[in-house]
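> What follows is a predicted structure for the sequence shown.
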Amino acid sequence: MKKEIKFEEALERLAEINEKLESEEISLDDSIKLFKEGLELSKLCQKKLDEAKLEIEKIVID
């Protein structure tokens, strides 16, 4: 089973990926792999933000 990554860790990894993709010293294959990983991390971050928003809305309503 894959370990659940924390929001902050995902953001940090996204920043690393962005830095690598901006580098001119990366192959096309590596760029594609990093881009795919970045998309997955982006989806994860959005999911976690949506969950946090729902939780906050529940707290406010109660």
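Yep, it's here.
> got the buried residues for the top helix by length along the chain?
Counting residues, the longest helix found in the chain (DSSP state H) is helix 28-61. By 16 or more other CB atoms under 10 Å, the buried positions in helix 28-61 come out as 34, 38, 41, 44-45, 48. In short, each C-beta sits where N, CA and C put it, glycine included.
> How about stretch 14-26?
So for stretch 14-26, counting by 16+ other CB under 10 Å, buried means 14, 17.
> and residue 13, what element?
helix 7-22 (DSSP states H and E).
> residues in contact with that helix?
Residues from elsewhere that reach helix 7-22, judged by CB atoms under 8 Å, 6 or more residues apart in numbering: 5, 26, 30-31, 34-35, 37-38, 41-42, 44-45, 48-49.
> what sits against the residue positioned nearest the centre of the chain?
Taking CA atoms, centre = their mean, the centroid of the chain lies closest to residue 41, which sits 2.6 Å from it. Contacts here follow CB under 8 Å, 6+ apart; on that basis residue 41 touches 5, 10, 13-14, 17.
> out of these, which one sits closest to residue 56?
Proximity of the contacts of residue 41 to residue 56 (CB to CB) peaks at residue 10, which lies at 19.4 Å.
> How about the closest one: what's its closest non-neighbour residue?
Nearest non-adjacent residue to residue 10, counting by CB to CB, 6 or more residues apart in numbering: residue 41, 4.7 Å away.
> so what pLDDT did the one you found get?
Note on residue 41: pLDDT of 97.
> From residue 59, how far out is it?
Relative to residue 59, residue 41 is positioned 27 Å away (CB to CB, to the nearest Å).
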